[in-house]
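Please find the sequence and the predicted model below.
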Amino acid sequence: MKTEATDELRDLIEAYVSGTLEPGQIEKLEACLLADGEARLFFLGYLDVHAGLAWEFRGTDLPLPEISAGDEPSVLPMWRSGMVLRWALPLAALVIFLLVIANLWQPTRQATGPVPAFASVKASLHGQWADGREVTVGAALPPGILELQSGLVELETTSGTTLLLEAPVRLKLRDALHGTLLSGNLVVRMPKGKSGFVVEMPQMRVTDLGTEFGVSVASNGESRVQVFDGEVRAEALQVKDGRNLLAGETLRGTTTGKLASEEFNASRFIRRFPPPKPDETPGGPLFSESKLDSVRIAVPDSPVVIDGDLSEWNRAGAFRSSCLPPYEDTYYVEGMMMYDARNLYISAHVGDPEPMRNVAADERAFAGGSVIVRVSTDRKLGWPLKGTAWRAYSALSSAPSLPFMLADRVARSEEEMSALADAMPLADSISDRIANIILSYDARTRRPSLRLAYGFDSHGDVLDPPGGWKGAFRKDADGRGYTLEYAIPWSLLNCAEDPPQAGDVMAALWMVHWSDAEGRLCRGQLVDVTNHQPHSLSKVPPNSFFQNGPCWGKAVYLPQGQ
């Protein structure tokens, strides 16, 4: 759908939801929806987010999103009109109706016979799908969502396009020349003399003009494109902006929808499939099966020295978790947490055959080996958390990005859609007191690293923030693991005035990532300290637990002396 049509459609939909459509405009909107499948998805997505917002904020006195003078007029107009509650149920019903209609309007497929494959797996290094299955070289891939939890996988589409997927990544393959990148890193390489591959992301659409380029979607929804060879066309989805990029140029689509030039970083993407090594074996550690539903956080018995030596630690809350056999003695974590009036303390001994090799770039540093601890520090939110990432972005985004989100939702099964529909976020979805704490060793600088982000929308992302944190790493004598130790001030977790106290029960989640020998690829993942009864979210895979508050386990703060 052309940009001009999108602008016109946005105006018509805004008038529709605010109840100000003139008779002539009604016919125009109907004609637009009947004639254009993309317009129908746009319309459905727009209504979907408004119905969701109405449901989320029902019965609350939470402040509504503010709109500044410079904002697009499309940002949440119903909040200003005061009509959200009156429209909530009709719009929710209309969304369900349109889901059915959208399917009916799709091009008719053959009633019998297999769905045509648009791509095949050309190569795989430690590649595993989200359900733990190893990626099979030569396998044909029909259209749909590809979710890679570990490794590096090279695909070739029937158009001759090479797609290099760097885990963890989610890509919806629509056809041989069209994909939607939902998260992670992707490199696209067209054969000489050909062009036209399109990648859609939350904040921009990139069209190949005969080239090689990389695209990425960060945890907060920011989108990037970096051109290695040739030329691409990048178009913003939320504002009127489009640019042609040449080799050596990088563009970022911000969460506000604006496009911003950025410094080219040659190490941001893996561009070529590395040659296999003689001693390498396929696969890697699978997800763990969660053994823990809580972690106990003790008070130190003596002053804590951050040096990688844990001899002074109070071990009242120590736990061990490992990956599934046959990896349980190789890939594991022995974790502990402590607290006092000033700091949260985190330590871990990690079994790792390739320890402390992390050279992964930007927000994907976790892929090169890391421990991630996610905590709530707000006792008012209690346990379990109710927030999720599912609508955290949509609650703060303007309408043009919604079809992208809807594309992911429509691709799911009916049961999954039902489960996600029950996962409406409340205030904790965007709370500053939901902290994502990423602990890793930077092999380039040979120093500990701390990355923080907040809420289920991962806002406020910052690397190595000022504020007095301390970290230390110590490699095992046999080179098969490492110990980390951190002290993180409560001020960095936005609760210095009201830190957790003895007797508090809040939410937490532990994750560990392992890398390959180069320190770039995610070779495996462990997820533990989880809610073993996640109710309607029971079908959420472990690699998505961190985005779903009801899946987080308990953090129990012990009194001093215990």
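That came through fine.

CA only for contacts and neighbour counts going forward, please
Will do.

domains for the protein, by residue range?
Using automatic domain parsing, the domain ranges for the chain come out as 3-105, 119-262, 294-386+432-557.

Any idea which of these gets closest to residue 269?
domain 119-262 (6.6 Å; C-alpha to C-alpha).

Mean confidence (pLDDT) on the closest one, please.
Here domain 119-262 scores 91 as its mean pLDDT.

related to what we said a few turns ago, export the domains of the chain to TSV and tack on mean neighbour count and distance to residue 288?
Below are the domains of the chain laid out as TSV (neighbours: other C-alpha atoms under 10 Å; distance: least, C-alpha to C-alpha, whole Å):
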stretch	mean neighbour count	distance to residue 288
domain 3-105	16	33
domain 119-262	21	10
domain 294-386+432-557	20	4
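
Take these and lay them out in a markdown table including distance to residue 268.
Output for the domains of the chain, formatted as a markdown table (distance: least, C-alpha to C-alpha, whole Å):
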| stretch | distance to residue 268 |
| --- | --- |
| domain 3-105 | 30 |
| domain 119-262 | 9 |
| domain 294-386+432-557 | 6 |
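
Can you say which of these is nearest to residue 273?
Comparing those by C-alpha to C-alpha, domain 119-262 comes nearest, at 7.3 Å.

That closest one spans what distance, first to last residue?
This stretch, domain 119-262, spans 32 Å end to end (C-alpha to C-alpha, to the nearest Å).

That domain: how far from the chain's middle?
15 Å (C-alpha atoms, centre = their mean, to the nearest Å).

now swap in stretch 465-481 and tell me
26 Å.

ditto for stretch 458-465
A distance of 15 Å separates the centroid of the chain from that of stretch 458-465, by C-alpha atoms, centre = their mean.

what does that stretch rub up against?
Residues from elsewhere that reach stretch 458-465 (C-alpha atoms under 8 Å, 6 or more residues apart in numbering): 219-220, 430, 436, 449-454.

Strands - which of these land there?
436, 449-454 (DSSP state E).

Can you lay out the residues you listed as CSV showing distance to residue 120 and pLDDT?
What follows is the ones in strands among the contacts of stretch 458-465, written out as CSV (distance: C-alpha to C-alpha, whole Å; pLDDT from 0 to 100):
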residue, distance to residue 120, pLDDT
436, 36, 96
449, 38, 96
450, 38, 97
451, 36, 96
452, 37, 96
453, 36, 94
454, 38, 94
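
Grab the two from these that are most spread out in space.
Of all the pairs that the ones in strands among the contacts of stretch 458-465 form, the one spanning the most space (C-alpha to C-alpha) is 449 and 454, at 17.0 Å.

leaving aside the residues next to it on the chain, what's closest to residue 175?
residue 118 (5.8 Å; C-alpha to C-alpha, 6 or more residues apart in numbering).

The one you found against residue 155, yeah?
No. Using C-alpha atoms under 8 Å, residue 118 is not in contact with residue 155; the gap is 9.9 Å.

ok, back up a step: columns distance to residue 312 on top of the contacts of stretch 458-465, output as CSV?
Formatted as CSV, those follow (distance: C-alpha to C-alpha, whole Å):
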residue, distance to residue 312
219, 36
220, 38
430, 36
436, 26
449, 23
450, 23
451, 26
452, 26
453, 29
454, 30
